[in-house]
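**Q** what follows is a predicted structure for the sequence shown.
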Amino acid sequence: MALPQPFSRFHFTNLTSISNASPAVFTLANHNLYVGDTIWLETTGALPTGLVIHTTYYVVINSLTDDTFEVSGIAGGTPINTSSAGSGTHSFIKTNRARLSVKIQDNE
């Protein structure tokens with residue numbers, strides 16, 4: 001039996017925007033990314049010039065907030081600049097492992 005649509009176990013998250021700037025700023029409310037996380041990009045159109053689909057990018061410390069982040073082609077590297085706005089809906093998938101947090105509890 002064929003599936004009615006393409007099946008993928010991966011889920012890409014749509015971005016609100018990627019700025020045409022030096023450096024490019026990615027915007028998504030509560031993105032839950034941390035410095036050193038790795039992502040891949042997808043688009044329904046064309047990514048801003050300077051970015052390529054299915055390429056590993058690293059989240060860097062520059063301008064990292066709950067709602068914005070920047071990426072580099074190498075861990076801890078210089079943020080990537082973009083020179084066009086691109087077109088379509090841009091999305092990303094986090095490609096490194098989930099982070100675990102430790103909670104110490106006193107069981108006295």
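**A** Arrived safely, thanks for sending.
**Q** show me where this protein has strands.
**A** 13-14, 17-18, 26-27, 38-43, 57-60, 68-72, 90-94 (DSSP state E).
**Q** is it correct that residue 71 is in contact with residue 80?
**A** Yes: look at residue 71 against residue 80 with C-beta atoms under 8 Å: they come within range, at 5.8 Å. Every C-beta, even on glycine, is put in place using the N, C-alpha and C of the backbone.
**Q** need the residues touching each of the two.
**A** Common neighbours of residue 71 and residue 80, counting by C-beta atoms under 8 Å, 6 or more residues apart in numbering, are 24, 57.
**Q** between the two, which has more neighbouring residues?
**A** More neighbours surround residue 71 than the other of residue 71 and residue 80, with 26 against 19 (other C-beta atoms under 10 Å).
**Q** what pairs with that one across the strands?
**A** residue 59 (DSSP bridges).
**Q** my guess is residue 30 contacts residue 67, does it?
**A** Yes: applying C-beta under 8 Å, one finds residue 30 in contact with residue 67, separated by 6.9 Å.
**Q** neighbour count: these two, which is higher?
**A** residue 67 (13 against 7).
**Q** just give the closest residue to the more buried one, not the sequence neighbours.
**A** residue 29 (5.0 Å; C-beta to C-beta, 6 or more residues apart in numbering).
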